[in-house]
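S.K.: how does the following fold in three dimensions:
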Amino acid sequence: MPSDPSASSTTPHADALRAAVEAAFPSAVAALSGLVRIPSVSWEGFDTAQVARSAEHVAGLARETGVFDEVRVLDAPIPGTQARGMPAVLARRAATNGRPTVLLYAHHDVQPEGDPEIWQSAPFEPTLRGDRLFGRGAADDGAGIIAHLTAIRLLSEHTDPELGLVLFIEGEEEAGSPSFSTFLAEHRDDLAADVIVVADSGNWDVDTPALTVGLRGMAAANVTISTLDHALHSGMYGGAVPDAMMAAIRTLDSLWNADGSVAVAGLTSREADTPAYDEARLRDEAAPLAGTELIGVGSILSRIWDRPAITVTGIDAPTVRNASNTLSPSVRVRVSVRVAPGQSAKAAAVKLEEHLRAHAAFGAQLEFDGWESGEAFLVDTQGWAVSDALATMEEGWGAAPVLVGVGGSIPFIAELNEVYPGAQILVTGVEDPDSRAHSPNESVHLPSFQRAILAELLLLARLNARG
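M.R.: Numbers count the residues shown, from 1 in each chain. Okay, the predicted model is just below:
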């Protein structure tokens, strides 16, 4: 779509919209607090009724805007199973007078709380400390939902919107979006848009916005490492017979070089420039313990954005409390690979399995199951929507935005790009380096949240002025 004369360096009605966000912000914080109180964990084994409750709550908020022609709570089948996915909210209003259509994405499901002893306040009770609101899902991704809804409502109250709007609030992103492909196939026309805004990323810091232009992919599997037919007395046989824990430790250690960089042949890296970011900043944001050495090679951000990484995210083995003097016959681990942009997740999965089988210590037998994958993604930064987004971020934040990569994965973005190759995808968010998404004491920085709402409202207003 060509540039429109109305899309100038300043968004139409910017001062009025700024005042509107300031006036509406207390209501936005209250709405976010209401979402935090719903423990909408989409993982297997948790109460799915809470996810359904969360979907209905979000649908109610969408209806209250008075903007949409229809608001529906829907689910879709999970491929290869008899099960259905978690409920999502889908709302739409048609564009008029040749205006573009914008799809606004976020997700209403959240991560489990983790260890409640580490939380400084109840995980599902929103708690204000200083300028941060704490609670599970406050940043990931409740603030994204409320930013969308607040911007939509204020757009309709302070302009004459002709923009097409689609609201898609997913209910299973934290569980890997297992029904996303079928949901997309069933509602392809409903989800079609010229611009897709994904509010599920972060900003450079609490004062500087960011547009995410690169995401790593992901490949993960459960690996069962076995050496014995049955458990044995460690005193009777230890020293002659390898137990599974010993084999697992030696096998897994082969995944990394001595400096902590990935040692798996065939996992590739991407060469790209990165902003200035030193070790002191990383230590401040990631908080490694004193004396802990950093790992990897290359610039710090290249290690996080453009190189592969491997993490053992779980181990099924006897607990210390239940430990006995026994040689374990089998140990089960979860191995996760972050795949650099430019390599397919499938290719990375093949290389991981090949490596582990080739390096199985003491002839241990390996079995793989529970494979999960998602593709990396690079944003085309040359589009008109990217230009509008960068301009309105600077307007809303009062600081020039930074183009960033993200070490995490949002696999469905690659799927959206495949189905809607003509759509421009903007990955934004409200998180900052101290939001601690997925971790205890998750929080959202409220001044950043307000600026993010304003930037999105300005973007919608600017798109609404396009012919």
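S.K.: what's across from V402 in the sheet?
M.R.: A210 (DSSP bridges).
S.K.: state the pLDDT value of it.
M.R.: You'll see V402 listed with a pLDDT of 96.
S.K.: so who does it touch?
M.R.: Counting by Cβ atoms under 8 Å, 6 or more residues apart in numbering, V402 touches W204, T208, P209, A210, L211, P275. Using the backbone N, CA and C atoms, a C-beta is placed for each residue, glycine as well.
S.K.: am I right that the fourth one is in contact with W305?
M.R.: No. Checked against Cβ atoms under 8 Å, the pair A210 and W305 is beyond contact range at 12.0 Å.
S.K.: residues shared between the contacts of these two?
M.R.: V404.
S.K.: just among the contacts of V402, which is most surrounded?
M.R.: Neighbour counts for the contacts of V402 were taken using other Cβ atoms under 10 Å; the highest belongs to P209, with 28 neighbours.
S.K.: I'd like the distance between it and I453.
M.R.: 12 Å (Cβ to Cβ, to the nearest Å).
S.K.: okay, and the common contacts of the two?
M.R.: In contact with both P209 and I453: no residue, using Cβ under 8 Å, 6+ apart.
S.K.: adding pLDDT, write the contacts of V402 out as a markdown table.
M.R.: Formatted as a markdown table, these follow (pLDDT from 0 to 100):
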| residue | pLDDT |
| --- | --- |
| W204 | 96 |
| T208 | 97 |
| P209 | 98 |
| A210 | 97 |
| L211 | 97 |
| P275 | 94 |
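S.K.: and S201, bridged to which residues?
M.R.: G429.
S.K.: ditto for R92
M.R.: E70, V166.
S.K.: contacts only, for it.
M.R.: R92 neighbours (Cβ under 8 Å, 6+ apart): F68, D69, E70, G164, L165, V166, L167, D190.
S.K.: quick check on those: which are buried?
M.R.: Buried members of the contacts of R92, counted by 16 or more other Cβ atoms under 10 Å: F68, G164, L165, V166, L167, D190.
S.K.: quick check: the third one touching R99?
M.R.: No. At 10.0 Å, L165 and R99 do not qualify as touching, with contact defined as Cβ under 8 Å.
S.K.: picking up where we left off before, can you say which two of the contacts of R92 are spatially most distant?
M.R.: Within these, E70 and G164 form the most distant pair, 13.4 Å apart (Cβ to Cβ).
S.K.: quick check: domain ranges of the chain?
M.R.: 14-215+376-464, 217-286+294-374 (automatic domain parsing).
S.K.: and the helices in this structure?
M.R.: 14-36, 48-64, 143-158, 180-186, 188-191, 234-237, 244-253, 279-286, 300-305, 345-358, 384-397, 412-419, 446-464 (DSSP state H).
S.K.: how about these in CSV, adding mean pLDDT and distance to G266?
M.R.: Shown next, in CSV, are the helices of the chain (pLDDT from 0 to 100; distance: least, Cβ to Cβ, whole Å):
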stretch, mean pLDDT, distance to G266
helix 14-36, 97, 42
helix 48-64, 98, 38
helix 143-158, 97, 35
helix 180-186, 96, 27
helix 188-191, 97, 35
helix 234-237, 95, 37
helix 244-253, 98, 18
helix 279-286, 94, 28
helix 300-305, 96, 18
helix 345-358, 98, 4
helix 384-397, 96, 33
helix 412-419, 90, 21
helix 446-464, 97, 39
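S.K.: export these to CSV and tack on distance to F124?
M.R.: Rendered in CSV, the data for the helices of the chain read as follows (distance: least, Cβ to Cβ, whole Å):
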stretch, distance to F124
helix 14-36, 6
helix 48-64, 9
helix 143-158, 15
helix 180-186, 25
helix 188-191, 30
helix 234-237, 43
helix 244-253, 35
helix 279-286, 26
helix 300-305, 30
helix 345-358, 33
helix 384-397, 30
helix 412-419, 26
helix 446-464, 19
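S.K.: right, so of those helices, which gets closest to S226?
M.R.: Closest approach to S226 among those (Cβ to Cβ): helix 244-253, 5.8 Å.
S.K.: buried residues in the closest one, which are they?
M.R.: Residues A244, M245, M246, A247, A248, R250, T251, L252 are the ones in helix 244-253 that count as buried (16+ other Cβ under 10 Å).
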